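# Okay, predicted coordinates and the sequence, questions at the end:
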Amino acid sequence: MDARAPNQTEDSVLEAIDLNIYYGSFLAVKNVSIKIARNQITSFIGPSGCGKSTLLRCFNRLNDLIESFHIKGQVYHDNQDLYSRHVDPVLVRRRIGMVFQKPNPFPKSIYDNVAYGPRINGFKGNLDELVEQSLRQAVLWDEVKDKLKQSGTALSGGQQQRLCIARAIAVQPDVILMDEPCAALDPISTLKIEELMNDLKQRYSIVIVTHNMQQASRVSDKTAFFNVEPTDKGKVGYLVEYDDTVNIFTNPRETYTRDYIAGRFG
Ligand code: ADP
């Protein structure tokens, strides 16, 4: 039986409720409740160590690969409790894809990078069409259509990252999580990815962790600002405020956010 997340509406695609995230006995992220808007771009910002990546990875159960990791609280995707005993994490990762900081194409051809996910999922349709459509959506098709058999690792960094986005798209996910996807890219490649994200939100809901405040203000509709507070067991991350990006950057409710935005923490 699917548990129902209280108050989850059609406008939200993911929801964390009273979520506490632990590595062993260390509480890394404290008591986060947040609804992620559907077909929008949400940025997670805040100082290093405040748990942005940890929270992001909870949304597709990527932290499960870490032995000491466990949670208290709930995480829902479309009213399904992602941490229910009956849920297969592999299926979760198919519906909720991830793009990492460092482009990580497989050492395979461009075509095979994109075809990989559909193939292991037993895709029965026209694979050539799916590969083309995914590369088009990732705004990479024109640059690679004549060299689909060449290795994905031979592309430039920005192209590799768009290839990784095409690979994520090819399994037709609902949500794409991006953990600092432009951190390893030059400014022009970064702009291309930002434009691409804006196109992609028509079809997908996107959550991006970024250290770059300007990027958050440029690309995202919603912004969640996190901070850390010291405890006797170390620093624990918490959600300070979550609102439309324009409000976070022009008229935040919390003094902490205002100071951070103004660069008063360096
Ligand atoms: P951010 O993305 O905001 O920089 P992280 O999510 O990487 O923050 O880290 C949040 C906290 O969790 C930090 O204190 C970090 O040291 C800790 N942490 C992250 N990954 C692990 C891990 N695999 N094992 C133990 N602690 C971890």
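Cool, got the structure. As the structure is a computational prediction, the values presented were derived from the model and not from experiment. Numbering: from 1, shown residues only.

# use CA for all of it now, contacts and neighbours both
Will do.

# and stretch 226-236, what's its mean pLDDT?
For stretch 226-236, mean pLDDT rounds to 91.

# Return the set of buried residues in it.
Under the neighbour-count criterion of 16 or more other CA atoms under 10 Å, stretch 226-236 has 226-228, 235-236 buried.

# Could you work out the most separated pair of those residues?
Across the buried residues of stretch 226-236, the longest distance by CA to CA is 12.3 Å; it joins Phe226 and Lys235.

# which residues are in contact with both of these two?
Applying CA atoms under 8 Å, 6 or more residues apart in numbering, one finds that Phe226 and Lys235 are jointly contacted by Cys50.

# lowest-confidence helix or strand of the protein?
helix 255-261 (a mean of 90; mean pLDDT, DSSP states H and E).

# Enumerate the residues of the stretch 51-200 of the chain near the ligand.
Contact residues (CA under 6 Å from any ligand atom) of the stretch 51-200 of the chain with the ligand: 51-54.

# just to revisit the earlier point, show me what the least confident helix or strand of the chain is packed up against.
strand 234-244, helix 245-250 (3 or more CA pairs under 8 Å, 6 or more residues apart in numbering; DSSP states H and E).

# who's the residue nearest to the spatial centre of the chain bridged to?
Centroid-nearest residue in the chain, with CA atoms, centre = their mean: Leu177, separated by 1.6 Å. Beta-bridge partners for Leu177, by DSSP bridges, are Met98, Val207.

# quick one: contacts for it?
Per CA under 8 Å, 6+ apart, neighbours of Leu177: 56, 96-99, 206-208.

# Closest residue of the stretch 151-266 of the chain to the ligand?
Distances between the stretch 151-266 of the chain and the ligand by CA to the nearest ligand atom are smallest at Lys235, namely 6.2 Å.

# so that residue touches Ala28, yeah?
Yes - using CA atoms under 8 Å, Lys235 makes contact with Ala28 at a distance of 7.3 Å.

# so Ala224 touches Ala37, yeah?
No - using CA under 8 Å as the test, Ala224 is too far from Ala37 to be in contact (11.6 Å).

# Among the residues of the stretch 51-200 of the chain next to the ligand, which are located in strands?
If you go by DSSP state E, those have nothing in strands.

# Going by neighbour count, which of these comes out on top?
Neighbour tally across those (other CA atoms under 10 Å): the maximum, 27 neighbours, falls on Lys52.

# looking at it, Tyr242 is touching Pro252, isn't it?
No - counting by CA under 8 Å, Pro252 is not a contact partner of Tyr242; they are 9.3 Å apart.

# Now for the two: what residues contact both?
By CA under 8 Å, 6+ apart, no residue touches both Tyr242 and Pro252.

# to the chain's geometric centre, what's the distance from stretch 25-37?
Per CA atoms, centre = their mean, to the nearest Å, the displacement of stretch 25-37 from the mean C-alpha position of its chain is 15 Å.

# Fine by me, we can end here.
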